[in-house]
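Undergrad: Return atomic coordinates for the entry below.
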Amino acid sequence: MSVTREAWGSAPAGAVDRYTLDNGRDLRVRILTYGGIVQSVEVPDRDGTTANVALGFDTIQGYVDNPGPYFGAIIGRYGNRIAKGQFTVDGTAYQVPVNDGPNSLHGGTPGFDQRIWDAEVRDGALVLTHVSPDGDQGYPGALTVAVTYALTEDNGLRIDYLATTDAPTVVNLTNHSYFNLAGEGSGDVYGHVLQINAAGFTPVDATLIPTGEVAPVAGTPLDFREPVAIGARIRDNHTQLRYGGGYDHNWVLDDPDGGLRAVAHVSEPGSGRTLTVRTTEPGMQFYSGNFLTGTFAGTSGRAYRQGDGFALETQHHPDSPNQPAFPSTELRPGEKYKSTTVYEFGTRS
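TA: This next block holds a predicted model:
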């Protein structure tokens with residue numbers, strides 16, 4: 001394992017470094033101190049040809065000018081949505097930024113995705129740290145966060161999250177990488193074959209806030225318990241899937257108390273590349289790139305259009321602070337928020 005650093009320009013928040021993690025075999029990952037962004041993931045196909053399979057930009061200005069997709073970024077303080085940006089902790093009401101219709105999305109503006117993180121290399125891993133002060137974006141408590149990126153011998157990118165607070169608060173951290181296993185900029189991902197180990201999902205209202213119900217995926221376009229091409233049901237079921245066809249839903253993962261376990265598998269028939277997702281989290285948002293509109297070009301210089309990448313965001317469920325039946329996202333002084341996700345790459349014949 002090796003980790004190297006290079007200067008990579010500057011953002012309004014300060015100078016940006018890029019770190020390259022290389023496991024000396026078949027995986028090379030580049031990560032920015034800006035937003036903790038996973039800027040590229042290079043892996044071989046079945047014939048040994050290497051390509052970058054993560055969507056992103058080739059300059060820091062691309063990320064500064066286009067924050068909305070959240071390409072590859074650490075998301076916090078709260079990943080996904082909070083209804084009306086409001087929640088209560090110990091009887092005290094809090095208001096956080098409303099930046100997605102009537103709701104708060106991904107922690108506010110600017111969220112963790114636009115901060116400069118401190119970086120340190122420890123034992124062949126990259127550790128990014130950030131202190132979010134009390135009242136940041138309206139959230140209570142000073143939150144101290146460490147996110148560790150490490151490569152595994154099984155060609156996995158392991159992400160460990162750790163957070164502590166000095167006052168009761170809520171926290172839900174995730175990574176927002178988009179993948180295209182055929183190679184970034186190669187076209188849509190509708191032919192990728194996806195399996196999700198989940199028998200339930202959280203239905204949402206018209207503003208994408210959960211109703212509080214956990215519904216079965218059986219008999220719906222969200223049933224990926226057996227491998228199915230991502231695009232197989234999108235056009236025929238667009239009235240059920242919102243926004244002209246595509247997925248942007250939270251799955252309630254099987255075996256939520258099972259620790260680090262495999263929750264999803266993706267394969268791309270043309271290249272033979274595969275991706276297995278392992279996590280300790282109870283939920284996962286599968287997003288099929290519905291809002292990529294071709295208005296900007298990615299690392300390859302080719303425009304990203306609808307469906308040109310997918311995200312598998314491991315997380316607690318959306319709006320959990322307002323949904324008492326969902327697993328709690330509250331964090332209190334003396335407690336530690338811990339979460340692990342591994343994106344493991346491979347090939348098949």
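
Undergrad: What strand or helix carries G9?
TA: With elements taken from DSSP states H and E, the one containing G9 is strand 2-11.

Undergrad: That strand - contacts with which helices or strands?
TA: When contacts are defined as 3 or more C-beta pairs under 8 Å, 6 or more residues apart in numbering; DSSP states H and E, strand 2-11 packs onto strand 14-22, helix 60-65, strand 118-122. Every residue, glycine included, has its C-beta placed from N, CA and C.

Undergrad: please redo it, this time with the cut-off set to 10 Å
TA: strand 14-22, strand 28-32, helix 60-65, strand 118-122, strand 125-132, strand 143-151 (3 or more C-beta pairs under 10 Å, 6 or more residues apart in numbering; DSSP states H and E).

Undergrad: Now find how far off-centre the fourth one is within its chain.
TA: Between the centre of strand 118-122 and the centre of its chain there are 21 Å (C-alpha atoms, centre = their mean, to the nearest Å).

Undergrad: Just the residues contacting it, thanks.
TA: Identification of contacts with strand 118-122 by C-beta atoms under 10 Å, 6 or more residues apart in numbering yields 2-5, 17, 19, 21, 31-33, 36, 126-131, 146, 148-150.

Undergrad: Give the buried subset of those residues as a PyMOL selection command.
TA: To isolate the buried ones among those in PyMOL, judged by 16 or more other C-beta atoms under 10 Å, type:
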select buried, resi 3+17+19+21+31+32+33+36+126+127+128+130+146+148+149+150
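
Undergrad: per-residue pLDDT, the residue located most distally from the centre of the chain?
TA: In the chain, G91 marks the outermost C-alpha relative to the chain mean, sitting 30.7 Å out by C-alpha atoms, centre = their mean. pLDDT for G91: 97.

Undergrad: From A83, how far out is it?
TA: Here G91 is placed at a distance of 18 Å from A83 (C-beta to C-beta, to the nearest Å).

Undergrad: ditto for S104
TA: Taken as C-beta to C-beta, the span from S104 to A83 is 8 Å.

Undergrad: Between these two, point out the one with more neighbours.
TA: S104 (27 against 20; other C-beta atoms under 10 Å).

Undergrad: If we go by neighbour counts, what in stretch 253-263 is buried?
TA: Quick answer for stretch 253-263 (16+ other C-beta under 10 Å): L253, D254, A262, V263.

Undergrad: And the residues you listed, which is closest to T49?
TA: The shortest gap between T49 and any of the buried residues of stretch 253-263 belongs to A262, at 26.3 Å (C-beta to C-beta).

Undergrad: Surely V342 touches E153?
TA: No. If you go by C-beta atoms under 10 Å, V342 and E153 don't touch, sitting 11.9 Å apart.

Undergrad: residues in contact with the closest residue to L275 other than its chain neighbours?
TA: Of all residues not flanking L275 in the chain, V266 sits nearest, at 4.4 Å (C-beta to C-beta, 6 or more residues apart in numbering). Going by C-beta under 10 Å, 6+ apart, V266 touches 179, 181, 189, 192-196, 227, 230, 273-277, 286, 310, 312, 343.

Undergrad: ok, of these, which come out buried?
TA: For the contacts of V266, a burial check counting by 16+ other C-beta under 10 Å picks out 179, 181, 189, 192-196, 230, 273-277, 286, 310, 312, 343.

Undergrad: among those residues, which are in strands?
TA: 179, 193-196, 273-277, 286, 310, 312, 343 (DSSP state E).

Undergrad: okay, these in CSV with distance to A51 next?
TA: Below are these laid out as CSV (distance: C-beta to C-beta, whole Å):
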residue, distance to A51
F179, 11
V193, 18
L194, 20
Q195, 23
I196, 24
R273, 8
T274, 14
L275, 13
T276, 18
V277, 19
F286, 22
F310, 16
L312, 19
Y343, 16
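
Undergrad: I'd like those laid out as a markdown table, including pLDDT and distance to L27.
TA: Formatted as a markdown table, these follow (pLDDT from 0 to 100; distance: C-beta to C-beta, whole Å):
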| residue | pLDDT | distance to L27 |
| --- | --- | --- |
| F179 | 98 | 13 |
| V193 | 98 | 21 |
| L194 | 98 | 21 |
| Q195 | 98 | 22 |
| I196 | 98 | 23 |
| R273 | 98 | 12 |
| T274 | 98 | 13 |
| L275 | 98 | 12 |
| T276 | 98 | 13 |
| V277 | 98 | 15 |
| F286 | 97 | 23 |
| F310 | 98 | 19 |
| L312 | 98 | 17 |
| Y343 | 98 | 10 |
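
Undergrad: Let me know the closest of those residues to G79.
TA: L312 (12.5 Å).

Undergrad: ok, what's across the strand from the closest one?
TA: F286 (DSSP bridges).

Undergrad: show me what contacts it?
TA: L312 neighbours (C-beta under 10 Å, 6+ apart): 174-179, 194, 196, 251, 263-264, 266, 275, 277, 279, 284-287, 341, 343.

Undergrad: gap between it and S349?
TA: Going from L312 to S349 by C-beta to C-beta gives 24 Å.

Undergrad: Likewise for Y287?
TA: From Y287 to S349 the distance is 29 Å (C-beta to C-beta).

Undergrad: okay, the two: which has more neighbours?
TA: For the pair Y287 and S349, the greater number of neighbours falls to Y287 (19 against 4), based on other C-beta under 10 Å.

Undergrad: Spell out, range by range, the strands that occur in the stretch 151-300 of the chain.
TA: Remark: strands assigned in the stretch 151-300 of the chain by DSSP state E, counting those that start in this stretch are 156-165, 169-170, 174-175, 178-179, 193-196, 200-201, 215-216, 228-229, 248-252, 261-267, 273-279, 283-287.
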